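Engineer: turn this into a structure:
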Amino acid sequence: MDNLLCQVLALLGTPASRSIMVEMDNFVKSLQAERNKPTKNMININSRLQEVFGCAIKAAYPDLENPPLIVTPSQQPKFGDYQCNSAMGISQMLKTKEQKVNPREIAENITRHLPNNEYIEKVEIAGPGFINVHLRKDFVSEQLTNLLVNGVQLPPLEERKKVVVDFSSPNIAKEMHVGHLRSTIIGESMCRLFEFAGYDVLRLNHVGDWGTQFGMLIAHLQDKFPDYLTVSPPIGDLQAFYKESKRRFDTEEEFKKRAYQCVVLLQSKNPDIIKAWKLICDVSRILFNKYIPTLLALLVTFVCFFPLGFVQVDDGRKIVFVPGCSIPLTIVKSDGGYTYDTSDLAALKQRLVEEKADMVIYVVDNGQSMHFQVIFAAAQMIGWYDPKVTRVSHAGFGVVLGEDKKKFKTRSGETVRLIDLLEEGLKRSMDKLKEKERDKVLTAEELKAAQTSVAYGCIKYADLSHNRLNDYIFSFDKMLDDRGNTAAYLLYAFTRIRSIARLANIDEEMLQYKIYISHYSNQCLSSLSSGEVLKVNMWRMLLCEAVAAVMAKGFDILGIKPVQRM
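Structural biologist: This next block holds a predicted model:
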């Protein structure tokens with residue numbers, strides 16, 4: 001590609017460049033006319049081809065129930081743009097009906113029944129029964145023109161709906177750790193995807209915690225800083241403060257009892273305990289603001305939702321058995337305190353009734369699946385929502401594992417702090433860039449931007465490229481590999497694509513004109529052996545821009561920030 005860039009630069013200042021500029025000017029004028037037309041949205045070519053082949057298969061084999069419909073992009077462009085691989089599956093279905101038909105004959109029968117359409121130029125049958133599909137050039141031209149003129153966008157929704165996504169949800173009593181990583185990454189990307197599709201999205205990070213952990217922190221605060229009501233306690237290291245309180249909670253029975261009592265007093269809004277809670281929240285909030293600037297603190301008022309007939313008393317606890325669920329909800333503990341069941345029900349009611357959400361999605365690890373199953377069933381039992389109208393769901397995910405395939409922890413066995421993980425990513429990213437000698441060609445500002453882009457992008461992409469429901473192994477070495485399915489590779493490819501037009505001094509406006517396809521050439525430029533440029537293949541240049549536009553939108557949805565130089 002370096003030779004290609006040199007050829008692009010050689011274009012500048014040559015007689016050919018002047019004629020090209022005139023040609024571009026004419027095309028830019030046609031662009032202005034194109035922009036005055038009604039906005040067109042991108043279409044899903046694969047879906048359209050599935051519709052076409054679905055009709056053909058139904059016409060060719062009307063007696064088959066649910067025949068396989070397999071249409072995929074071609075892995076080898078020389079054989080076509082897409083491929084229909086349904087013939088082999090249909091052959092197996094017919095075989096069970098004691099009809100032995102060669103898959104190639106089936107493929108020929110399918111192609112004979114293809115309806116007239118605007119997408120396909122020709123089809124060819126290859127191998128045992130693959131149907132290679134070549135798209136019409138005028139159709140491709142129209143789609144690329146639309147993409148470059150109107151941008152990467154989806155058709156508008158018939159009705160704009162509201163989605164509430166609950167994710168990240170750090171415990172305000174502790175620093176964020178690696179356990180918050182997947183929920184934050186998956187939840188934010190999910191929100192961006194909904195926004196891209198046209199939904200009204202509300203991000204909720206439920207940072208409040210009125211449970212046992214706050215009780216032990218408040219009890220420890222009372223002991224360590226007895227004058228906290230008048231003098232602000234100097235809690236510098238919240239993590240260390242938490243460890244001290246947890247150690248006392250685990251070893252001192254009297255302290256444990258006081259911690260539980262502090263929870264009850266907190267939930268009953270005792271003024272002195274509320275003051276202690278606010279002090280701890282203030283310290284914790286400073287740390288959270290480093291990682292998630294848009295954290296929303298949702299403080300819920302706890303109420304008892306159930307009619308008396310549903311509530312049972314069990315050893316002092318008030319519980320409810322929800323039909324269809326094997327475990328009960330604990331509404332009130334024996335000491336009068338509330339539980340996660342109560343708070344999550346209150347939060348769900350607020351999202352359904354006050355926010356009027358059409359969808360509520362909880363991005364929480366798989367270990368909470370039973371808890372949410374009971375919460376959702378209870379909300380339906382109370383009559384808060386109809387699942388046929390409103391979608392309430394738990395988007396579970398697996399845990400992050402170390403390279404030893406065990407739960408990801410530090411060498412000392414402690415939970416990995418999120419800030420430490422991110423700083424390690426930044427360090428390794430810079431080491432990788434310097435190994436590639438990018439520090440010799442980039443400015444200090446560009447190098448810093450590339451470091452941040454690669455570090456954060458690689459962590460996000462590595463998570464999102466795995467099956468959400470499965471555990472995944474965290475490996476910086478694999479994340480930062482600039483070969484294969486990694487963010488480093490994609491970010492580098494993006495910068496190289498964008499650099500072609502930039503180094504040729506072709507700005508964005510020049511690129512945004514109507515595409516006229518005369519042939520598929522693999523070169524952006526052609527030149528003599530002397531290096532003099534004879535011709536610029538502007539179709540190819542525009543195709544590069546279209547690819548870059550799609551990649552940029554994909555990065556944006558994933559929350560990855562690309563850079564112009566890397």
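Engineer: shaky segments in the stretch 251-400 of the chain?
Structural biologist: Scanning the stretch 251-400 of the chain for pLDDT under 70 picks out 284-310, 337-338.
Engineer: any chance you could map the strands in it?
Structural biologist: Assigned strands in the stretch 251-400 of the chain, in chain order: 311-314, 317-320, 329-332, 359-362, 391-394, 400-401 (criterion: DSSP state E, counting those that start in this stretch).
Engineer: who wins for proximity to residue 282 among those strands?
Structural biologist: Shortest distance between residue 282 and the strands of the stretch 251-400 of the chain, using Cβ to Cβ, is found for strand 359-362: 27.2 Å. In this view, the C-beta of every residue, glycine as well, is placed from N, C-alpha and C.
Engineer: give me the domain ranges for this structure.
Structural biologist: Per automatic domain parsing, the domain ranges recorded for the chain read 2-38+490-558, 47-150, 162-207+300-394, 212-291.
Engineer: what is the end-to-end distance of the longest one?
Structural biologist: So the one you mean is domain 162-207+300-394. Using Cα to Cα, to the nearest Å, one end of domain 162-207+300-394 lies 17 Å from the other.
Engineer: with stretch 456-473 instead?
Structural biologist: Terminal-residue distance, stretch 456-473 (Cα to Cα): 17 Å.
Engineer: picking up where we left off before, any chance of the domains of the chain in CSV with distance to residue 400 as columns?
Structural biologist: Below are these laid out as CSV (distance: least, Cβ to Cβ, whole Å):
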stretch, distance to residue 400
domain 2-38+490-558, 18
domain 47-150, 31
domain 162-207+300-394, 6
domain 212-291, 16
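Engineer: and the one helix or strand residue 548 maps to, which residues are buried?
Structural biologist: Assigned by DSSP states H and E, residue 548 belongs to helix 538-558. For helix 538-558, a neighbour-count test (16 or more other Cβ atoms under 10 Å) marks 538-549, 551-553, 555, 557-558 as buried.
Engineer: helix, strand or coil: sort out the residue nearest to the spatial centre of the chain for me.
Structural biologist: In the chain, the residue lying closest to the centroid (Cα atoms, centre = their mean) is residue 189, at 2.8 Å. Per DSSP: H, G, I helix; E, B strand; the rest coil, the secondary structure class of residue 189 is helix.
Engineer: for it, which residues are in contact?
Structural biologist: Contact partners of residue 189, counting by Cβ atoms under 8 Å, 6 or more residues apart in numbering, are 460, 464, 557-559.
Engineer: please work out which residues outside stretch 392-404 touch it.
Structural biologist: 178-179, 181-183, 186, 190, 348, 352, 359-366, 368-369, 372-373, 376, 379, 385, 407-409, 463, 467-475.
Engineer: that stretch: how far from the chain's middle?
Structural biologist: Mean-position distance between stretch 392-404 and its chain equals 14 Å (Cα atoms, centre = their mean, to the nearest Å).
Engineer: and the end-to-end length of it?
Structural biologist: Distance between the two ends of stretch 392-404: 36 Å, counting by Cα to Cα.
Engineer: also stretch 61-72?
Structural biologist: Using Cα to Cα, one end of stretch 61-72 lies 21 Å from the other.
Engineer: for the record, mean pLDDT for that stretch?
Structural biologist: For stretch 61-72, mean pLDDT is 93.
Engineer: got the buried residues for that stretch?
Structural biologist: 61, 67, 69, 71.
Engineer: now the third one: how far from residue 51?
Structural biologist: When distances are taken as Cβ to Cβ, to the nearest Å, residue 69 and residue 51 turn out to be 9 Å apart.
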